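[1] Just a sequence and a predicted model for now, questions to come.
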Amino acid sequence: MHQQIGTSSPSVSQQIADVQRLVEKSGVKYVMHSAGTTLEGSWDAVFAVIGQAHTMLHSEGIVRIQTDIRVGSRTDKVQRMEDKVAVVEKLLGKS
């Protein structure tokens, strides 16, 4: 027996758009890029929206979802995602 994983189409653009709308409504800071979406916020808020995205997609009939998560945290100072980019851009002479 052959089982379909995900959707019947190789495109996931519609599902990505659905998740982006969910993230935007959540109030969690985010940046979408070609390989995914970076979320910035409290541990609880970020993982809540990830869980909501899975629940939403499952409710749309998608039976299997894989999410790749990379988590970073630090306690010595506040550093936002744009701060990290700015440091490298400064080294490249772009700012």
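    Yep, that arrived. Numbers count the residues shown, from 1 in each chain.
[2] Same question for stretch 43-53: list its buried residues.
    Val46, Val49, Ile50, Ala53 (16 or more other CB atoms under 10 Å). Where C-beta positions appear, they are placed from N, C-alpha and C, glycine not excepted.
[3] oh, I was asking about stretch 60-78
    Ile62.
[4] can you pull out the strands in the protein?
    29-33, 36-40 (DSSP state E).
[5] TSV please, covering the buried residues of stretch 43-53 and showing distance to Ile65 and pLDDT.
    Converted to TSV, the buried residues of stretch 43-53 look like this (distance: CB to CB, whole Å; pLDDT from 0 to 100):
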residue	distance to Ile65	pLDDT
Val46	17	97
Val49	14	98
Ile50	10	97
Ala53	8	97
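[6] If you average pLDDT per helix and strand, which one of this structure comes out bottom?
    helix 81-91 (a mean of 93; mean pLDDT, DSSP states H and E).
[7] May I see the buried residues of that one?
    Per 16+ other CB under 10 Å, helix 81-91 contains no buried residues.
[8] Stretch 19-39 now?
    Applying 16+ other CB under 10 Å to stretch 19-39 flags Val19, Leu22, Val23, Ser26, Val28, Tyr30, Leu39 as buried.
[9] on that earlier part again, which pair in the buried residues of stretch 43-53 spans the largest distance?
    Val46 and Ala53 (11.0 Å; CB to CB).
[10] quick revisit: and which of the buried residues of stretch 43-53 is nearest to Asp76?
    Once CB to CB is applied, the member of the buried residues of stretch 43-53 that ends up nearest Asp76 is Val46, at 20.0 Å.
[11] Could you pull up the residues touching that closest one?
    For Val46, the contacting residues are Val28, Leu39, Glu40, by CB atoms under 8 Å, 6 or more residues apart in numbering.
[12] Pull up the gap between the last one and Glu60, please.
    Note on Glu40: its distance to Glu60, by CB to CB, to the nearest Å, is 26 Å.
[13] for the first one, same thing?
    Between Val28 and Glu60 the distance, using CB to CB, works out to 21 Å.
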